[in-house]
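In: Sequence first, predicted model second:
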Amino acid sequence: MQCIGIIGVGEIGRAIVEGLHHGDGAPPEVFLSPRGARTAAVLAERFAGVRVCADNQEVVDRSDVVVIAVRRQDHREALAGLEVDDDTTVVHLMAGVATGELRKTLGTGAPIVRAIPLPAVRERRSVTVTCPAHPVVDALFERLGGVLPVADEGVFNAFSALTGTLTTHYAYLAALTDWATDQGIAPDAADRYVRGLFQNVGHSLGDGARPLHQLAADHETPGGNNERIRTTWFAPANAAALAKALDGLLADLA
């Protein structure tokens, strides 16, 4: 596999490095930027073949594939003055930064591929959306759990908006444990039960033969407890509010 460089070693950059060293197969050499120095140093100490570079230009010079994982608001400052050869492949993970905008910042003719890896790539359990399809980039993320290439940047942004719902899911589970605690259940018992309940639900998501609406129907009885909560809490107004929030996020990402 080609040498991988990562500029911006935060949670996702760390997950990519860990995923490349998870399971079978020889990992590639990885070159990390000093941005996120503490995390980069820990990764270099844990894994052979992972090195921290002096600056971002060294990352680019040593790598065949460069992953840009800095924050959206920091990308111009972080990438200013970088020289990227046209034979380098650039993978950019910055939500809300269009390919054309990044190409203008870098001033390069190199192929640029957008991607949405999630933290679960560290266990090679996450499907990563890419845009557009690219053999080298898609092979990288296929190794990390699977790849879903799309051709249209607008469709890609819709996938990006969906990732904005992750912490809402955790907050929903936390709200359930808070309610259970209010009913007199000990906090640790409520936490343990809710985690177990939804971990088991998560296993059923592996059944790709059943659409999500079918999974929902299969887990409830007409007139039963699950149907009652779904129809009273997740009513049309609630669903519309969620769609409106996603629409607003998508507009900001476009």
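Out: On my side now, so go ahead. Numbers count the residues shown, from 1 in each chain.

In: make it CA atoms for all contacts and neighbour counts henceforth
Out: Noted.

In: ok, now how distant is the residue nearest to the spatial centre of the chain from residue 150?
Out: Residue closest to the average C-alpha location in the chain (Cα atoms, centre = their mean): residue 118, at 2.2 Å. Remark: distance between residue 118 and residue 150 (Cα to Cα, to the nearest Å) = 17 Å.

In: which ones are touching the residue nearest to the centre of the chain?
Out: By Cα atoms under 8 Å, 6 or more residues apart in numbering, the contact set of residue 118 is 12, 126, 127, 128.

In: What are the phi and psi values at it?
Out: phi -110, psi 160 (degrees, to the nearest 10).

In: mind checking how far it is from residue 72?
Out: Distance from residue 118 to residue 72, by Cα to Cα: 16 Å.

In: And the chain, what are its domain boundaries?
Out: 4-151, 164-253 (automatic domain parsing).

In: So which of these is the most surrounded?
Out: domain 4-151 (a mean of 19; mean count of other Cα atoms under 10 Å).

In: and that one, how far apart are its ends?
Out: End to end - Cα to Cα - domain 4-151 spans 24 Å.

In: other SSEs contacting the host helix or strand of residue 193?
Out: Secondary-structure assignment from DSSP states H and E places residue 193 in helix 187-204. Under the contact definition 3 or more Cα pairs under 8 Å, 6 or more residues apart in numbering; DSSP states H and E, helix 187-204 sits against helix 166-182.

In: Do a quick rundown of the strands in the stretch 101-250 of the chain.
Out: Here the stretch 101-250 of the chain has its strands, by DSSP state E, counting those that start in this stretch, at 112-116, 128-131, 147-149.

In: returning to what we had before: out of the domains of the chain, which gets nearest to residue 158?
Out: With Cα to Cα as the criterion, residue 158 lies closest to domain 164-253 of the domains of the chain, at 6.2 Å.

In: Pull the distance from that closest one to the chain's centre.
Out: 20 Å (Cα atoms, centre = their mean, to the nearest Å).

In: Is it correct that residue 79 is in contact with residue 104?
Out: No: if you go by Cα atoms under 8 Å, residue 79 and residue 104 don't touch, sitting 11.0 Å apart.

In: Three-state assignment for residue 45, please.
Out: helix (DSSP: H, G, I helix; E, B strand; the rest coil).

In: Poorly predicted segments of the stretch 1-150 of the chain, please.
Out: 1 (pLDDT under 70).

In: mind listing the helices for the stretch 1-150 of the chain?
Out: Assigned by DSSP state H, counting those that start in this stretch, the helices in the stretch 1-150 of the chain fall at 11-20, 37-46, 56-62, 75-79, 99-106, 135-143.

In: Restricting to C-alpha, output the second one in CSV.
Out: Included here for helix 37-46 are C-alpha records, laid out as CSV according to Å, rounded to 0.1, in the frame of the first residue of the first chain:
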residue,chain,number,x,y,z
ALA,A,37,1.1,16.8,18.5
ARG,A,38,0.2,14.9,21.6
THR,A,39,-2.0,12.4,19.7
ALA,A,40,0.6,12.1,16.9
ALA,A,41,3.3,11.3,19.4
VAL,A,42,1.3,8.6,21.0
LEU,A,43,0.5,7.0,17.7
ALA,A,44,4.2,7.1,16.6
GLU,A,45,5.1,5.4,19.9
ARG,A,46,2.5,2.7,19.6
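
In: quick one: that helix to helix 11-20, angle?
Out: 10 degrees (axes from the mean of the first three to the mean of the last three Cα atoms, to 10 degrees).

In: To residue 157, which of the domains of the chain lies closest?
Out: domain 164-253 (6.3 Å).

In: End to end on the closest one, go ahead and measure it.
Out: For domain 164-253, the end-to-end distance is 11 Å (Cα to Cα).

In: what's the distance between the closest residue to residue 253 other than its chain neighbours and residue 73?
Out: Leaving aside its chain neighbours, residue 253 sits nearest to residue 96 (4.1 Å; criterion: Cα to Cα, 6 or more residues apart in numbering). Between residue 96 and residue 73 the computed distance is 10 Å (Cα to Cα).
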